[in-house]
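Trainee: Quick one, structure for this:
(3 chains)
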Amino acid sequence: MSAAAAGQVTTARPDVALHAAVHAFYARQIHLLDHGDVDGFAATFTADGRFFHHPNGRLEPGRDNIATAMRGFLARAAAAGVVRHHWFGMFQIDPGADGTIVVTYYSLVSHTDAERKVTLEPTGVVQDVLVEVDGVLLNSSRTVKPDTLRLR
Amino acid sequence: MSAAAAGQVTTARPDVALHAAVHAFYARQIHLLDHGDVDGFAATFTADGRFFHHPNGRLEPGRDNIATAMRGFLARAAAAGVVRHHWFGMFQIDPGADGTIVVTYYSLVSHTDAERKVTLEPTGVVQDVLVEVDGVLLNSSRTVKPDTLRLR
Amino acid sequence: MSAAAAGQVTTARPDVALHAAVHAFYARQIHLLDHGDVDGFAATFTADGRFFHHPNGRLEPGRDNIATAMRGFLARAAAAGVVRHHWFGMFQIDPGADGTIVVTYYSLVSHTDAERKVTLEPTGVVQDVLVEVDGVLLNSSRTVKPDTLRLR
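Mentor: You can find the predicted model right below:
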């Protein structure tokens, strides 16, 4: 194999502050959503934040639209009688030259029902663009690609 | 949405040493438990460590009580013929003014049986209080809230 | 319990750069594999990298052998009509005196099929030896121990 360098992972000067901040960001963001604080969740996006869930189409930008969509999402979970948790993991953090940070990660969503049964939603890959505004990390855009799209 | 600030996540000066130490703490603690070292697991608690699993009630404080409870827990897994793994994730780390560290996270427990079947225990949210004693991170208290309690 | 010290987790001077680098390494490595880039995956190993999957035996060392084995692994997933994701977690990072880094972690593999059903492969524990070569973190050896081996 001649092109070994292509897949190599450099460890030179990892940005440890960014690493810790990104992990903290996702923990806090997803606890807000899973505990029903849709406004708090929406507030982790920029004022013109964009959310695109393949293949359902792109939401109109903005926190109000994101909050409304999440409220519907949570209402369906409540109607189904399950507690949902989002498990985000395997974060690839790529700082861009323009100051944005691209984070690509896996998403797993668990459903626990009153009979103690646990099922999983189809996995997916999410790609976010994060920005830092006055020392606060915000989600500028989120693109969710369910893995089922790769099986059509 | 007027109160956007409430849910925002500050990235100013993340405590990178604490981030790395907390992740290391949980990895080490849970490997000890999942590999059957209940005394090693109990030793990650303070001498007066407290463990409260809703709604079963609170254990009497102390490492011996924690070790005994864990020994029973592991014996049931062995009797059931499964290997259990704890997956802790989405760690929210909140340093307090008094030097304690509150960590709130999700817990998933997998069971793998001899026929290669994998099932999951009901998910839950755990809240720990950690303290640092002579440079060693210890669990002062653990409160486990299974999600099934939210469905009653 | 007299030997409390044995299980204690020191937090004195955690190597935060190594922590961030190891997490980044696994995220990048496993995205390569799960997206079908077997050569990129193999390139995260040293030229004489070793891969041992109990109880199937040890591969001959080297990136070409690792790439070939992974290509077969991915072909079986494709034939089964599932998208696989590897979830590595609970990383125990142990720097050795000789400059190598031993990382012991849990592995979960999810399968999502076209009917949106999600199943899990038997969990396992993986132990890697990592080395740093010219500022690049590389996998010198990987040993995978499926949990089903503990149930025989």
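
Trainee: Can you identify the element that follows the helix or strand that contains A:A79 toward the C-terminus?
Mentor: Assignment of secondary structure by DSSP states H and E places A:A79 within helix A:63-80. Using DSSP H and E, the helix or strand that directly follows helix A:63-80 along the chain is strand A:82-95.

Trainee: If we go by neighbour counts, what in that following strand is buried?
Mentor: Using 16 or more other C-beta atoms under 10 Å in any protein chain shown as the test for burial, strand A:82-95 gives A:82-93. C-beta here means a position set from N, CA and C on the backbone, and glycine is covered the same way.

Trainee: what do you get for stretch A:102-119?
Mentor: Neighbour-count burial for stretch A:102-119, with 16+ other C-beta under 10 Å as criterion, is recorded at A:103-113, A:118.

Trainee: Need the buried residues of strand A:82-95 in TSV (columns: distance to chain B and pLDDT).
Mentor: Putting these into TSV (distance: C-beta to the nearest C-beta, whole Å; pLDDT from 0 to 100) gives the following:
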residue	distance to chain B	pLDDT
A:V82	8	96
A:V83	4	96
A:R84	9	96
A:H85	5	97
A:H86	8	97
A:W87	6	98
A:F88	7	98
A:G89	7	98
A:M90	11	98
A:F91	11	97
A:Q92	17	96
A:I93	13	95
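
Trainee: ok so, going back, dump the helix holding A:A79 to CSV, restricted to CA.
Mentor: Coordinates of each C-alpha in helix A:63-80 appear next as CSV, following Å, rounded to 0.1, in the frame of the first residue of the first chain:
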residue,chain,number,x,y,z
ARG,A,63,-34.1,29.0,16.7
ASP,A,64,-37.9,29.2,16.7
ASN,A,65,-38.1,26.8,13.8
ILE,A,66,-35.7,24.4,15.5
ALA,A,67,-37.6,24.6,18.8
THR,A,68,-40.9,23.9,17.1
ALA,A,69,-39.5,20.9,15.2
MET,A,70,-38.0,19.5,18.5
ARG,A,71,-41.3,20.1,20.3
GLY,A,72,-43.0,17.9,17.8
PHE,A,73,-40.2,15.3,18.0
LEU,A,74,-40.6,15.1,21.8
ALA,A,75,-44.4,15.0,21.7
ARG,A,76,-44.2,11.9,19.5
ALA,A,77,-41.8,10.2,22.0
ALA,A,78,-44.2,11.1,24.8
ALA,A,79,-47.1,9.7,22.9
ALA,A,80,-45.2,6.5,22.2
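
Trainee: check whether that helix contacts chain B.
Mentor: Yes. In this structure, helix A:63-80 sits against chain B according to C-beta under 8 Å from any C-beta of the partner chain; the contacting residues are A:63-64, A:67.

Trainee: Is it possible to mark the buried ones in the residues you listed?
Mentor: Judged by neighbour count, with 16+ other C-beta under 10 Å as the criterion, the buried members of these are A:63, A:67.

Trainee: need the strands for chain A, in chain order.
Mentor: Chain-ordered strands for chain A, with DSSP state E as the definition, fall at A:9-10, A:45-53, A:57-58, A:82-95, A:101-113, A:118-120, A:124-133, A:136-146.

Trainee: list the contacts for A:G124?
Mentor: Residues near A:G124 by C-beta atoms under 8 Å, 6 or more residues apart in numbering or on different chains: A:106-107, A:144-147.

Trainee: with those residues in mind, which one is nearest to A:A42?
Mentor: Of all the contacts of A:G124, A:A42 sits closest to A:V144, with 15.7 Å by C-beta to C-beta.

Trainee: To what extent is the closest one buried, counted in neighbours?
Mentor: Taking other C-beta atoms under 10 Å in any protein chain shown as the neighbour definition, A:V144 ends up with a count of 15.

Trainee: wait, it sits on A:V109?
Mentor: No. Contact between A:V144 and A:V109 fails when scored by C-beta atoms under 8 Å: they sit 10.7 Å apart.

Trainee: Flag the shaky bits of chain A, pLDDT-wise.
Mentor: Applying pLDDT under 70 to chain A picks out residues A:1-13.

Trainee: Give me the most central residue, it.
Mentor: Taking C-alpha atoms, centre = their mean as the criterion, A:V126 is the residue nearest the geometric centre of chain A, at 5.8 Å.

Trainee: how close does that residue sit to B:V144?
Mentor: Spatial separation of A:V126 from B:V144 under the definition C-beta to C-beta, to the nearest Å is 28 Å.

Trainee: ok so, going back, report the contact partners of the residue nearest to the centre of chain A.
Mentor: Taking C-beta under 8 Å, 6+ apart as the contact definition, A:V126 lies against A:88, A:104-107, A:142-145.

Trainee: What is the burial count for the residue in chain A positioned nearest to chain B?
Mentor: For chain A, the residue closest to chain B is A:G40, as judged by C-beta to the nearest C-beta, at 3.0 Å. Around A:G40 sit 22 other residues, with neighbours defined as other C-beta under 10 Å.

Trainee: Surely it and A:D34 touch.
Mentor: No. Proximity of A:G40 to A:D34 does not meet the contact threshold set by C-beta under 8 Å, at 11.2 Å.

Trainee: Pull out the buried residues from stretch A:136-146.
Mentor: Neighbour-count burial for stretch A:136-146, counted by 16+ other C-beta under 10 Å, picks out A:136-143, A:145-146.

Trainee: so, if you compare those residues, which one comes nearest to A:A17?
Mentor: When the buried residues of stretch A:136-146 are compared for distance to A:A17 (C-beta to C-beta), A:L137 comes out closest, at 11.0 Å.

Trainee: right, so of the strands of chain A, which gets closest to C:P14?
Mentor: C:P14 lies closest to strand A:82-95 among those, at 18.9 Å (C-beta to C-beta).

Trainee: The strands of chain A: which one's closest to B:A20?
Mentor: For B:A20, the closest of these is strand A:82-95, at 14.8 Å, according to C-beta to C-beta.

Trainee: now the angle between strand B:124-133 and the closest one, please.
Mentor: With axes from the mean of the first three to the mean of the last three C-alpha atoms, to 10 degrees as the criterion, the two stretches strand A:82-95 and strand B:124-133 enclose an angle of 50 degrees.
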